[in-house]
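Peer 1: give me coordinates for this.
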Amino acid sequence: MAISSSRGSRSTSTSTSISSRSGGPTLAEQNTVADPIVPATLSEPPKPELFEERRSTASSSKRISDEEPDTRRVVEDDDDGEYCSPPTPDDSARLPPGCHFGPIFTPSLNITITNDPSSSISSDATTTSVDEKTTPPRIIWVDFPASSPQNPFFFAQSRKYAITAVATFFTLLTSVNVGAYSISEESMKADLHLSDVLTAGGLGIYCFGFAITPLLLAPLSEEFGRKWTYVVAVGIYLLGHLMMALSKNVATMMIARVIQGCSGSVGATLVGGTIADIYIPANRGLPSSVFAVMAIAGSGVGPLVFAWVESDPRLQWRWVWWIQTILIGALFPFILLFMRETRESVILRRRARKLRKERGLEDGGRYTARSEIGKVGFFAAMKMSSTRPITFLFVEPVVACMALWMSVAWGILYTQIGGLPYIFRNVYGFNTNQVGLIYISIVIGALVGFAANFVQDAVYRRRVEKDGIEARLYAPMIAGVTLSLGCFLYGFTSVSTVHWIVPCIGIVIIIASIFTIYISAFVYLSECYGSYASSAIAAQSFLRNMFGGAFSFFTLQMYKALTPRWTIFTWGCVALVLSAVPFGAYYRGPQIRAISKYSKILMKEEKERIAKEKQVLDGLG
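Peer 2: Just a heads-up that it's a prediction; the model follows:
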């Protein structure tokens, strides 16, 4: 982002940046797949004619890598006139719709096409034989025709709804899993003869799978596409549940939880990228917010539903997993039928390969998708995807502080999920069904946070001209304080002399605060790090889920050693200290980012992009 040292001087450039986003998401936004929640509405609704113009002129602008800009080449199109003369009208007319001539291959162009080893054109080639004449080889860019139904942005509305429905239902099932495990622990412990530590380990391992696997998902979805990543993940998730339902010992149960965590992380990660693929930023608000509710409220829905299964001696924990197995099995054919490939770079690469196979060089060039230029190898991309987020945690202060704050909040969430049965059974004498009903508090809290997100978005639109991207931090500043207050209320009222509804109010405040922090922190990091957003978000997602898994191991031990009152009070104090993070980011964020290695790169990219955008706008008159 364009950043200066003073809040007033940065507002103009930032608002220009925001307005430029309304013409459709950047490649970086389209490929943000590291976390389950995509920013809600990031901009005002775009002007349709401006959006069409930008889509149609996308082929004449500089193309920079979407996820790994430092490893990809910058390619200048023929519109700049630097490398090749314009083709004749007759040459252009014979190309398929959406295709047009690009630059000539010359040594000075210095580009590499790596994804098609069989191609007859190499990066250092200067001539090739076309129609028995020696001519310089050239690129034919493969793009979508205007308003093409193959373009995910122009899918039929019914198809978008179907894709969103099946993807977010998968998210719901992965969230339900957490609460369902917690409510069924008692009968599982008795049946498999588990200790408290081993039982908690099943929940922790699931979270660790959510932390580690997303670091590898970006290269997988880039190489194989989103659709087949979903298909394989849901299939493996189904097998993990089947294995869990049939478990006869702790080893089988633990392996099943590893499988569930690794495959289920796709439902909590890839769905955000899918929504970004098919909706322009102005239209992402509702599907993104619904997705966020599914991701958090599901942990309350699981115990609410499966408490009745756990309490029936004929069913208990095995049927908790059999029922989930049936639901996932029912989802699988819908994934196959309704899910379509939505990743633009994958679709265009497949089209380019098809055109090369069918037409070869007969049209005077090599059909090439832009994502093929300098494409990083699969294993190199895997290494970068897994190491850069960890690097961000150590070298980026904004990422480190936001990740730590969000991680503690997520750990507190897991004290609610895993600790509710202990508190309400031991303090209030509730039975399993009554404890299940208490989880309604988590669902209500998620809905309150859902509503608060729209309030924050309205504040952002009013304040962005003055505050820049720090206008995203008003709700988190309030939520950080209310999170600690909710902990204090919940902790000090979890005693038999206080009516049970009071600690439930504390739970609602806690969950609503966590929901607000989660969404706002995600959006803020996305806008701070632009084309590096996927790495920044992957960093906080990794640390957050590692904290969630770790908290599940010692929550009950803390409750027993300190009592629920002082355990929750302790974490409320930690939350209160960390509530200073959004205030620090609001008042000192620009200065902190100004000394950041990656922010300096992004500042330069942002200036170039705004200058290019101004040229487009000037061209429109």
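Peer 1: contacting residues around residue 268?
Peer 2: With contacts defined as Cβ atoms under 8 Å, 6 or more residues apart in numbering, residue 268 is in contact with 36, 171, 174-175, 210, 214, 295. Bear in mind the C-beta positions are built from the backbone N, C-alpha and C, glycine included.
Peer 1: nearest to residue 414, of these?
Peer 2: Nearest to residue 414 out of the contacts of residue 268 is residue 210 (Cβ to Cβ; 11.5 Å).
Peer 1: check contacts around that closest one.
Peer 2: Contact analysis of residue 210 by Cβ under 8 Å, 6+ apart lists 261, 264-265, 268, 541, 545, 548-549.
Peer 1: could you dump the residues you listed to JSON lines with pLDDT, secondary structure and distance to residue 422?
Peer 2: Shown next, in JSON lines, are those (pLDDT from 0 to 100; DSSP: H, G, I helix; E, B strand; the rest coil; distance: Cβ to Cβ, whole Å):
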{"residue": "261", "pLDDT": "94", "secondary structure": "helix", "distance to residue 422": "23"}
{"residue": "264", "pLDDT": "94", "secondary structure": "helix", "distance to residue 422": "25"}
{"residue": "265", "pLDDT": "92", "secondary structure": "coil", "distance to residue 422": "27"}
{"residue": "268", "pLDDT": "84", "secondary structure": "coil", "distance to residue 422": "26"}
{"residue": "541", "pLDDT": "87", "secondary structure": "helix", "distance to residue 422": "28"}
{"residue": "545", "pLDDT": "91", "secondary structure": "helix", "distance to residue 422": "22"}
{"residue": "548", "pLDDT": "89", "secondary structure": "helix", "distance to residue 422": "17"}
{"residue": "549", "pLDDT": "90", "secondary structure": "helix", "distance to residue 422": "18"}
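Peer 1: closest one of those residues to residue 578?
Peer 2: residue 548 (15.7 Å).
Peer 1: distance of that closest one from residue 268?
Peer 2: Distance, residue 548 to residue 268, using Cβ to Cβ, to the nearest Å: 11 Å.
Peer 1: same check on residue 368?
Peer 2: Counting by Cβ to Cβ - residue 368 and residue 268 are separated by 35 Å.
Peer 1: ok, residues contacting stretch 193-205?
Peer 2: Residues from elsewhere that reach stretch 193-205 (Cβ under 8 Å, 6+ apart): 178, 181-182, 185, 188-189, 250, 253-254, 257-258, 261, 414, 418, 549-550, 552-557.
Peer 1: strands of this protein, start to end?
Peer 2: Remark: strands assigned in the chain by DSSP state E are 99-104, 128-130, 133-135, 138-142, 366-368.
Peer 1: how many neighbours does residue 588 have?
Peer 2: Neighbours of residue 588 under the rule other Cβ atoms under 10 Å: 13.
Peer 1: right, I mislabeled it, should have said residue 270
Peer 2: Close neighbours of residue 270, defined as other Cβ under 10 Å, add up to 27.
Peer 1: on the pLDDT front, check residue 356 for me.
Peer 2: Listed pLDDT for residue 356 reads 89.
Peer 1: residue 359 contacts residue 367, correct?
Peer 2: Yes - Residue 359 lies in contact with residue 367 (Cβ atoms under 8 Å); the separation is 6.9 Å.
Peer 1: which one of those two has more residues nearby?
Peer 2: Between residue 359 and residue 367, counting by other Cβ under 10 Å, residue 367 is the more crowded of the two (26 against 16).
Peer 1: surely that one and residue 349 touch.
Peer 2: No - contact criterion Cβ under 8 Å: residue 367 and residue 349 do not qualify, at 10.5 Å.
Peer 1: any stretches of the protein with poor pLDDT?
Peer 2: 1-93, 105-137, 282, 530-531, 599-621 (pLDDT under 70).
Peer 1: which other residues reach stretch 471-482?
Peer 2: Residues outside stretch 471-482 that contact it (Cβ under 8 Å, 6+ apart): 405, 452-453, 455-456, 459-460, 463-464, 509, 512-514, 516-517, 520-521, 523-524, 527, 575-576, 578-583, 585-586.
Peer 1: tell me how far stretch 360-370 is from the chain's mean position?
Peer 2: Here stretch 360-370 is found 34 Å from its chain centre; the criterion is Cα atoms, centre = their mean, to the nearest Å.
Peer 1: mind listing what's buried in it?
Peer 2: 361, 363-370 (16 or more other Cβ atoms under 10 Å).
Peer 1: just the CA trace of it, in PDB.
Peer 2: Provided in PDB are the C-alpha atoms of stretch 360-370 (Å, rounded to 0.1, in the frame of the first residue of the first chain):
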ATOM      1  CA  GLY A 360       0.400 -25.900 -32.900                       C
ATOM      2  CA  LEU A 361       2.200 -22.900 -34.500                       C
ATOM      3  CA  GLU A 362       0.000 -22.600 -37.500                       C
ATOM      4  CA  ASP A 363      -1.300 -19.200 -36.400                       C
ATOM      5  CA  GLY A 364       2.100 -17.700 -36.200                       C
ATOM      6  CA  GLY A 365       3.000 -18.100 -32.500                       C
ATOM      7  CA  ARG A 366       2.800 -20.200 -29.400                       C
ATOM      8  CA  TYR A 367      -0.500 -20.100 -27.500                       C
ATOM      9  CA  THR A 368       0.500 -19.200 -23.900                       C
ATOM     10  CA  ALA A 369      -1.300 -18.400 -20.700                       C
ATOM     11  CA  ARG A 370       0.300 -15.600 -18.700                       C
END
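Peer 1: all numbers from here: first residue = 679
Peer 2: With 679 as the first residue, the last one maps to stretch 1038-1048.
Peer 1: tell me the contacts of the closest residue to residue 1093 other than its chain neighbours?
Peer 2: Among residues not flanking residue 1093 along the chain, residue 1233 sits closest, at 4.9 Å (Cβ to Cβ, 6 or more residues apart in numbering). Applying Cβ under 8 Å, 6+ apart, we find residue 1233 in contact with 878, 1092-1093, 1096-1097, 1245.
Peer 1: could you do residue 774 as well?
Peer 2: Residue 774 sits in contact with residue 1033, where contact means Cβ under 8 Å, 6+ apart.
Peer 1: now swap in residue 1122 and tell me
Peer 2: Shown in contact with residue 1122 (Cβ under 8 Å, 6+ apart): 1186, 1189.
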